[in-house]
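1. Model the following, please.
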Amino acid sequence: MRYLEAGKRHTVRFTLNGRAVEGDAEPRLLLSDFLRQTLGAFGTHVGCEHGSCGACTIQMDGKAVRSCLLYAVQVEGKALTTVENLATPDGLNELQAAMQKHHGLQCGFCTPGILMSLTQLREEEPNADEARIRDVLSGHICRCTGYDGIVKAALDVFGDVFGKN
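-> Below you'll find the predicted structure:
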């Protein structure tokens, strides 16, 4: 990575949800803040700002990452995907619809990050079982649901409808 002078703004160019974007950022600006404040990607939520809660999870080059643990200048040339990109032109994608069907959200604050992590899991392990789903969810804090609806939604989409495979 090139040397970046503190206090000086640098142009950052990358792909966000399939389209080329750019914006100016100081080297210390967190990616989560850049996405929200500069690019208007408000689906990326900011919770703990320490990488513990998972609310800010996005995908970078297809992998789930905590955007509060990255600086905006670190994503130069990368491909980022946020929750705004999950829905189809026809409406909610299958995972989002299952979350709605199984009441996998209440306040919704944690939902975007959870959806991004479960999306990666589904792409990499389409037959993940309940234990694996719960393992991935252990990196997310949800204070409202108790996780049961989230797990049921994931199992519905992953094919193991409530452990009956």
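2. If you count contacts, what does the longest helix along the chain end up packed against?
-> For the chain, the helix with the greatest residue count under DSSP state H is helix 111-124. With contacts taken as 3 or more CB pairs under 8 Å, 6 or more residues apart in numbering; DSSP states H and E, helix 111-124 sits against strand 57-60, strand 63-66, helix 94-101, helix 130-137, helix 148-158. The C-beta positions use only the backbone N, C-alpha and C, and glycine is treated the same way.
3. Tell me which of those sits most buried.
-> Stretch with highest mean neighbour count among the helices and strands packed on helix 111-124: strand 57-60 (a mean of 25; mean count of other CB atoms under 10 Å).
4. Domains in this protein, by residue range?
-> Domain assignment for the chain, taken from automatic domain parsing, gives 10-84, 94-160.
5. hey, C-alpha coordinates of stretch 55-72 in PDB?
-> Written as PDB, here are the backbone C-alpha positions of stretch 55-72 (Å, rounded to 0.1, in the frame of the first residue of the first chain):
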ATOM      1  CA  ALA A  55     -23.800  -5.000  12.100                       C
ATOM      2  CA  CYS A  56     -21.400  -3.400   9.600                       C
ATOM      3  CA  THR A  57     -20.700  -6.700   7.700                       C
ATOM      4  CA  ILE A  58     -20.400  -6.300   3.900                       C
ATOM      5  CA  GLN A  59     -18.700  -8.400   1.300                       C
ATOM      6  CA  MET A  60     -15.300  -7.500  -0.200                       C
ATOM      7  CA  ASP A  61     -14.300  -9.600  -3.200                       C
ATOM      8  CA  GLY A  62     -17.000 -12.100  -2.200                       C
ATOM      9  CA  LYS A  63     -15.900 -12.500   1.500                       C
ATOM     10  CA  ALA A  64     -17.800 -11.200   4.500                       C
ATOM     11  CA  VAL A  65     -15.800  -8.500   6.300                       C
ATOM     12  CA  ARG A  66     -16.400  -6.000   9.000                       C
ATOM     13  CA  SER A  67     -16.400  -2.500   7.400                       C
ATOM     14  CA  CYS A  68     -15.700  -0.800  10.800                       C
ATOM     15  CA  LEU A  69     -12.300  -2.600  10.900                       C
ATOM     16  CA  LEU A  70     -11.200  -1.300   7.500                       C
ATOM     17  CA  TYR A  71     -10.200   2.100   6.300                       C
ATOM     18  CA  ALA A  72     -11.800   3.400   3.200                       C
END
